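3D model of this:
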Amino acid sequence: MKINTRQMILTGLFAALTAVGAFIQIPIGTVPITLQLLFTILAGIMLGSKLGALSQLVYVAIGLFGVPVFAGGTGGFSSVLNPSFGYVIGFILCAYVVGKLTEGNKKPGFAGLLLASFIGVMVVYLIGVPYLYLIVKNLMGKDMTFAAALKTGFFIFIPGDLLKCAAASALGVKVVPAVQKSAAY
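The predicted structure follows:
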C-alpha cells in the first residue's frame, strides 16, 4: 500500500487523537471510560479501512514501545498484561470494519454511519471482553465468571458507547464530504 503525504499526516493525526482520548477518562473499575473509541470510529469513517486500521496500529505500536499513551498513562510491552488491553487490540479491527463498511460513500448518511459504528464497537467487545476475562481469571488469579466480565466490561459501557457512535456519525456526515472535497485540491 502506497501512502501519500496527506494520508500519512491524517494517519498520524488519528493515532495522536486516540492517544489524547486515553487521557480523557472516567475511571470506573477495571476498564475506564475514555474517548479512544470515538477517535477509533472516526478513523475508520474518515480514513477508510486500511488507513484507519493503520492509524490504530501506529497508536498501539507507540504504546508498546514504551510511550505512555494507553489509558492510565501506561505504556510498554507489559501493557499486554493489563485486563483492558484487549479493547486496545480491538481498536485496530474496529477502525478497519467501520472503514470497510463506510468507504466509497461520498455522501454518507447518519443511519449508515451509526450502524457501521455500532458494528465496529461490537468488534471491540468481541476481543476486549474475553481478553478481560482471561487476564483477570487466569493471570491475576481472581474468581471471575464470564457473566461478570460481561457486566464489568460490556454492559455498563453500552450507553456511553452509543453516544460515541452517534457523535462520530454526526461528525462523519459533516466532515467526510469536506475532507473529500479538500483532497481534490
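
what sits against Phe91?
If you count contacts by Cβ atoms under 8 Å, 6 or more residues apart in numbering, Phe91 has them with 18, 36-37, 40, 56, 59-60, 124. Placement of C-beta: from N, CA and C, glycine included.

Sorry, wrong one. I was asking about Val67.
By Cβ under 8 Å, 6+ apart, Val67 lies in contact with Gly75.

Can you classify it as helix, strand or coil?
coil (DSSP: H, G, I helix; E, B strand; the rest coil).

pLDDT score for it?
At Val67, the model reports a pLDDT of 97.

got a winner among the contacts of Phe91 for most neighbours?
Neighbour counts for the contacts of Phe91, by other Cβ atoms under 10 Å, peak at Thr40, which reaches 34 neighbours.

my guess is that one is in a helix, correct?
Yes. Thr40 forms part of a helix when assessed by three-state DSSP.

which ones are touching it?
18, 52, 56, 91, 94-95, 98, 120, 124 are the contacts of Thr40 under Cβ under 8 Å, 6+ apart.

Export those residues as JSON lines, with columns for pLDDT, distance to Ile3 and secondary structure.
Shown next, in JSON lines, are the contacts of Thr40 (pLDDT from 0 to 100; distance: Cβ to Cβ, whole Å; DSSP: H, G, I helix; E, B strand; the rest coil):
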{"residue": "Thr18", "pLDDT": "98", "distance to Ile3": "18", "secondary structure": "helix"}
{"residue": "Gly52", "pLDDT": "98", "distance to Ile3": "13", "secondary structure": "helix"}
{"residue": "Gln56", "pLDDT": "99", "distance to Ile3": "15", "secondary structure": "helix"}
{"residue": "Phe91", "pLDDT": "99", "distance to Ile3": "20", "secondary structure": "helix"}
{"residue": "Cys94", "pLDDT": "99", "distance to Ile3": "20", "secondary structure": "helix"}
{"residue": "Ala95", "pLDDT": "99", "distance to Ile3": "15", "secondary structure": "helix"}
{"residue": "Val98", "pLDDT": "98", "distance to Ile3": "19", "secondary structure": "helix"}
{"residue": "Gly120", "pLDDT": "98", "distance to Ile3": "22", "secondary structure": "helix"}
{"residue": "Val124", "pLDDT": "98", "distance to Ile3": "25", "secondary structure": "helix"}
